[in-house]
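# What follows is a protein structure lacking sequence information:
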């Protein structure tokens, strides 16, 4: 990336979090051919004697078998007088519409050589998941997301998990744990990621998922500030916007 963390203007960073679910409400609802493909995938994931049907809730973490139901973003507009965080969400049942709205935002404001995207475990999950689902829908991938032909130092992605690792790749450290040790308000005060599938398919509560996703993305921004030795943004300066 070249620049040190403190050298990157925070107004040039788009913080991102996504929530995903399996494409179907249950294993039984999966079409036969696709179910066979899932069975083969599940066989490589399974603990001994765990049937594919029991693993199907995990299908949402794979772009081939899952879909995005919410993308929340947070950013800090340039301002000399105050530090304000704006939070916006794209959510619903129509994944292509979600991706189109997100792509338009990225292409308009965060698609230059000076802008970045930041997520927790984004390099392994959020960024590739979004890009793969865009391809599946026949959409163009914004340059900020399309890393396929970029050299490592040209990729303008920031991952708060990688920053915490300091080169140590033995363990995964959750956002929940990091917010706890840095005394950041937890995004897991209502639900956690393991509950999103049921909340979407059984309870049809997209607003609850959206609220959870927004809390997550704000937590990523706050964690990034802690990494830079900065104070947290106060709650009254966090504003949810629709556009």
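Perfect, thanks for sending it. Everything numeric here is computed off the predicted structure, so don't read it as measured data.
# and residue 225, what is it in contact with?
Taking Cβ atoms under 8 Å, 6 or more residues apart in numbering, we find residue 225 in contact with 10, 231, 232, 233. C-beta: built from backbone N, CA, C; applies to glycine.
# Residue 5 versus that one, what's the distance?
10 Å (Cβ to Cβ, to the nearest Å).
# for residue 87, same thing?
As judged by Cβ to Cβ, residue 87 and residue 5 stand 22 Å apart.
# between these two, who's got more neighbours?
residue 87 (19 against 14; other Cβ atoms under 10 Å).
# Give me the three-state assignment for the more buried one.
Classification of residue 87 using DSSP: H, G, I helix; E, B strand; the rest coil returns strand.
# Could I get the pLDDT score of the residue sitting furthest away from the middle of the chain?
Residue farthest from the centre of the chain, counting by Cα atoms, centre = their mean, is residue 49 at 31.5 Å. The score at residue 49 is 74. That number is its pLDDT.
# Give me the domain ranges for the chain.
Following automatic domain parsing, the chain resolves into domains at 5-23+70-231, 25-64.
# Including distance to residue 238, could those go into CSV?
As requested, those are exported to CSV (distance: least, Cβ to Cβ, whole Å):
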stretch, distance to residue 238
domain 5-23+70-231, 5
domain 25-64, 27
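# Highest mean neighbour count out of the ones you listed?
domain 5-23+70-231 (a mean of 17; mean count of other Cβ atoms under 10 Å).
# separation between the residue farthest from the centre of the chain and residue 43?
11 Å.
# Quick check: residue 121 touching residue 158?
No. The pair residue 121 / residue 158 is not scored as a contact, 11.7 Å apart, by Cβ atoms under 8 Å.
# ok so residue 67 is a helix residue?
No. With three-state DSSP as the criterion, residue 67 is strand rather than part of a helix.
# Could you pull up the residues touching the residue lying closest to it once chain neighbours are set aside?
Using Cβ to Cβ, 6 or more residues apart in numbering and skipping the chain neighbours, the partner closest in space to residue 67 is residue 95 (4.7 Å). Each residue near residue 95 by Cβ under 8 Å, 6+ apart is listed here: 67, 68, 69, 133, 137.
# ditto for residue 112
Residue 112 touches nothing, counting by Cβ under 8 Å, 6+ apart.
# measure stretch 165-179 end to end?
In stretch 165-179, first residue to last residue: 15 Å (Cα to Cα, to the nearest Å).
# Show me what the mean pLDDT comes to for it.
Here the average pLDDT along stretch 165-179 is 90.
# Can you give the contact residues for that stretch?
120-121, 160-161, 164, 184-188, 192, 216, 219-220, 222-223.
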